[in-house]
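[1] just a sequence and a predicted model for now, questions to come.
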Amino acid sequence: MQVTRIGFTPLKGGRHVDHESVTLSAEGPVGDRVFCLLDPERDRCLRTVEHPTLLATRVGWDGTVLRAELPGRTVVGEPVATGDVREVDYWGRRASVELVDGPWAAAYSAYLGREVVLGRAAPGQVVYGASVTIVTDASLARLADQVGAPVDGARLRATFQLAAADRRPFAEDEWVGRRLRLGAAEVEVTGLVGRCAVLDLDPASGLRDLPVLKALAALRAETGGVDLGLYAEVVVPALVRTGDPASVAPLG
């Protein structure tokens, strides 16, 4: 197998961007979902499914400078820690997030038409299932056939997309509980990714454009779920590059 796409976003809910490489630490992909937008009145992380236009914003983070490209406006600067650490709601569980100062809260508040603040999260705090997610080209191709239109891997928002020698759609379901080598890194597959209505949103605009979730439900009717892709946790940290080989550890 081979890694054909690496994707992540420094801002939870922002556009999922292709990257040539990523460093996998023990906590997950370095630079992935470092920041999140919060509803300050409810101390709650904004959800992409409720604010789909977040997908039209593109964010870059080099560890020092945060650059956010919003439609018609770009804001750049160094986030300043405030010391204001809040325990916020993230899909029904508590996440520790520190508010940061800078131009982003005002820019996103104007863009979304509601007050938001920017927070910096500890690694893994605003990750729904596991730090790494994986999809395969074969499963995406089968889903595209069902939809009747191309399905961009960015729509799945997976960390890694793989081209597998086994071209059976959903063959990766059999990898749960096994280790997967990605270049020099290793991850342990912990389960299947259950999907939601975000699948129906164009990954660059946030506009609802394809009935992808309905098509996936039809394909997965026999399993009783709406699953596509895998959750995984890092067990051997390392740098992973697009084009690196990938392999599943043998059973036993």
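    Looks like it came in fine.
[2] for the residue nearest to the spatial centre of the chain, give me the pLDDT.
    With distances taken as Cα atoms, centre = their mean, the residue of the chain nearest its centroid is Arg157 (4.3 Å). Confidence at Arg157, expressed as pLDDT, is 93.
[3] OK, contacts around the closest residue to it other than its chain neighbours?
    Nearest residue to Arg157 in three dimensions, chain neighbours excluded: His16, at 4.7 Å (Cβ to Cβ, 6 or more residues apart in numbering). Yep, even glycine has a C-beta here, placed from its N, CA and C like the rest. Neighbouring residues of His16 by Cβ atoms under 8 Å, 6 or more residues apart in numbering: 7-9, 154, 157, 203.
[4] how about 6 Å then?
    Residues counted as contacts of His16 (Cβ atoms under 6 Å, 6 or more residues apart in numbering) are 7, 9, 154, 157.
[5] for Val236, same thing?
    Residues counted as contacts of Val236 (Cβ under 6 Å, 6+ apart) are 185-186.
[6] ranges for the helices of the protein?
    104-112, 137-147, 212-219 (DSSP state H).
[7] need these in TSV with mean pLDDT, can you?
    Converted to TSV, these look like this (pLDDT from 0 to 100):
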stretch	mean pLDDT
helix 104-112	96
helix 137-147	95
helix 212-219	94
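[8] so which of those helices is nearest Val240?
    helix 137-147 (16.8 Å; Cβ to Cβ).
[9] list the buried ones in that closest one?
    Neighbour counts using 16 or more other Cβ atoms under 10 Å place 137-140, 142-144, 146-147 of helix 137-147 among the buried residues.
[10] same check on stretch 95-115?
    Quick answer for stretch 95-115 (16+ other Cβ under 10 Å): 95, 97-100, 102-105, 107-109, 111-112.
[11] and of the contacts of His16, the nearest to Arg47?
    Closest approach between these and Arg47, by Cβ to Cβ: Arg157, at 13.3 Å.
[12] now do the closest one against Glu78, distance only.
    As judged by Cβ to Cβ, to the nearest Å, Arg157 and Glu78 stand 27 Å apart.
[13] return the distance of stretch 157-169 from the chain's centre.
    16 Å (Cα atoms, centre = their mean, to the nearest Å).
[14] now the end-to-end length of that stretch.
    18 Å (Cα to Cα, to the nearest Å).
[15] give me the contacts around that stretch.
    Contacts for stretch 157-169 (Cβ under 6 Å, 6+ apart): 1-5, 16, 29, 132-139, 142, 153, 229, 246.
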